[in-house]
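**Q** Return atomic coordinates for the entry below.
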Amino acid sequence: QFKANREQYIRLHDIFNNIFIGGVTALMCVTYFLLIPFIEIYTKGVHDVNNIYSFLPFLFCSVQILSWSRMIASNLFGIAGHAKSNAIASIVESALNVCLSIIFVNIFGIVGVLLATVVSLIPKVIFLNVRADVKILKRSNFKTLKIFLCNSLVFIGTVLLKPVINLSVHSYIEFCIYGFVLV
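**A** Now for the predicted structure:
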């Protein structure tokens, strides 16, 4: 498809990227709203340890959004036969994750490891997507950046909206209903 009609391929690529990242972001926004209520239902009656950390949904959802945001670019490199050239990015991401995990675990406890994962994913997502736009699609990365920026704003808006919308979920049935309504 790319060699037959480059412009059409790039248009389809952008549409797919937009739908894919938008879908992941939407699901993570729903997850952000429902993660604490799920943990509250799941751990009902357990009082020996605090299982509710209000910032964990943000970190877990961020990991998923960032991980899936590199998927299209990674696949594009594989299809174009350039997958090996991204090995250095994976090595840097892993090394950064390990180093930051060691530092952050001493400061924030086990949550520091999750924070290190979020921080180390950001450069790889940027690197892969910019490189895919410039090297393979031979264009500016403006459209991809716009897609990521819009979806980031949606997720940040969800985070800011959460204190205003407090879901009171008491059962798995209510959890499913809220999940269906939010989706």
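
**Q** For the rest of this, base every contact and every neighbour count on C-alpha atoms.
**A** Fine.

**Q** mind listing the helices for the chain?
**A** For the chain, applying DSSP state H gives helices covering 6-42, 56-69, 71-80, 87-108, 111-131, 142-161, 172-182.

**Q** and of those, who's closest to residue 50?
**A** helix 6-42 (10.3 Å; CA to CA).

**Q** For the closest one, buried residues please.
**A** When burial is assessed from 16 or more other CA atoms under 10 Å, helix 6-42 yields the following buried residues: 10, 13, 17-18, 20-22, 24-38, 40.

**Q** Extract the CA atoms of stretch 160-172 and return them as CSV.
**A** Listed next in CSV are the C-alpha coordinates belonging to stretch 160-172 (Å, rounded to 0.1, in the frame of the first residue of the first chain):
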residue,chain,number,x,y,z
LEU,A,160,-8.7,17.0,36.8
LEU,A,161,-12.4,16.1,36.5
LYS,A,162,-12.2,13.1,38.8
PRO,A,163,-12.5,15.1,42.1
VAL,A,164,-15.7,16.7,40.8
ILE,A,165,-17.3,13.4,39.8
ASN,A,166,-17.1,11.0,42.7
LEU,A,167,-18.5,7.6,41.8
SER,A,168,-20.0,5.7,44.7
VAL,A,169,-19.7,2.0,43.7
HIS,A,170,-20.8,-0.6,46.2
SER,A,171,-21.1,-3.8,44.2
TYR,A,172,-19.8,-5.5,41.1
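
**Q** Other residues contacting that stretch?
**A** Under the contact criterion CA atoms under 8 Å, 6 or more residues apart in numbering, stretch 160-172 has outside partners 33, 37, 38, 41, 175.

**Q** Next, count neighbours for residue 45.
**A** Each residue near residue 45 was counted by other CA atoms under 10 Å, and the total is 8.

**Q** just the contacts of stretch 160-172 now: which is nearest residue 142?
**A** Closest to residue 142, out of all of those and judged by CA to CA, is residue 33, at 30.4 Å.
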